[in-house]
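1. sequence unknown, structure follows:
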């Protein structure tokens, strides 16, 4: 779950999901697909889970998935795609919003924090939210703040 979506050439088919918040980051991918005359399907603001499952289930090998939009929505698409058999190498997911799940390196608590909150609500440790997303924890990794001294968090 990176800060921008990267065009991946050479796929058999492209499936794109976007909501109002996700259209802006998806559009450069759409333009690349049109420019290269590659087959794609854009699903805009599909909220019915049954339709998402059906769309993902009907894809053949070689399909590449992009999804961008509200955090809860794209997290659900990511979850469904993974359960259907899409691997991390076959998709890019971009969650948009100022709150995200963060895994505290110190106490191993997963919490929802905003970009402005820089301390763990459980142990009080000052943390920096990295760009590294753990699929296992479904959270970004929170590392010690550069000025954090051992013992300063209590």
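-> Everything's here; your move. Please read these numbers as outputs of a predicted model, since none were measured by experiment.
2. where does residue 55 land in three-state SS?
-> Secondary structure assignment for residue 55 (DSSP: H, G, I helix; E, B strand; the rest coil): helix.
3. chain neighbours aside, what residue packs nearest to it?
-> residue 43 (6.1 Å; C-beta to C-beta, 6 or more residues apart in numbering). To be clear about C-beta, it is placed using only N, CA and C from the backbone, and glycine gets the same treatment.
4. quick check: the one you found vs residue 118, distance?
-> Separation of residue 43 from residue 118 (C-beta to C-beta, to the nearest Å): 36 Å.
5. pull up the pairing partners for the helix or strand harbouring residue 92, direction included.
-> Counting by DSSP states H and E, the element that carries residue 92 is strand 91-96. Looking at strand 91-96 with DSSP bridges, its partner strands are strand 63-70 (parallel).
6. and the next element down the chain from the strand it pairs with?
-> Per DSSP H and E, the first helix or strand lying C-terminal to strand 63-70 is helix 71-84.
7. and stretch 55-67, what's buried?
-> 55-56, 59, 63-67 (16 or more other C-beta atoms under 10 Å).
8. residue 73: which of these is nearest?
-> Of all the buried residues of stretch 55-67, residue 67 has the smallest distance to residue 73: 8.1 Å, by C-beta to C-beta.
9. give me the number of residues near residue 40?
-> 18 (other C-beta atoms under 10 Å).
10. bridging residues for it?
-> Taking DSSP bridges as the rule, residue 40 bridges to residue 14.
11. pLDDT score assigned to it?
-> Note for residue 40: predicted pLDDT of 97.
12. how about residue 64, nearest residue that isn't a chain neighbour?
-> Counting by C-beta to C-beta, 6+ apart, the residue nearest residue 64 is residue 11, at 4.0 Å.
13. mind listing what that neighbour touches?
-> Residue 11 is in contact with 38, 62-64, counting by C-beta atoms under 8 Å, 6 or more residues apart in numbering.
14. for residue 22, same thing?
-> 67-70, 74, 94, 96.
15. so where's the chain uncertain?
-> Applying pLDDT under 70 to the chain flags residues 1-3, 98-99, 114-117, 148-154.
16. run through the helices of it in chain order.
-> Per DSSP state H, the chain carries helices over the ranges 23-35, 49-57, 71-84.
17. right, I'll leave it there.
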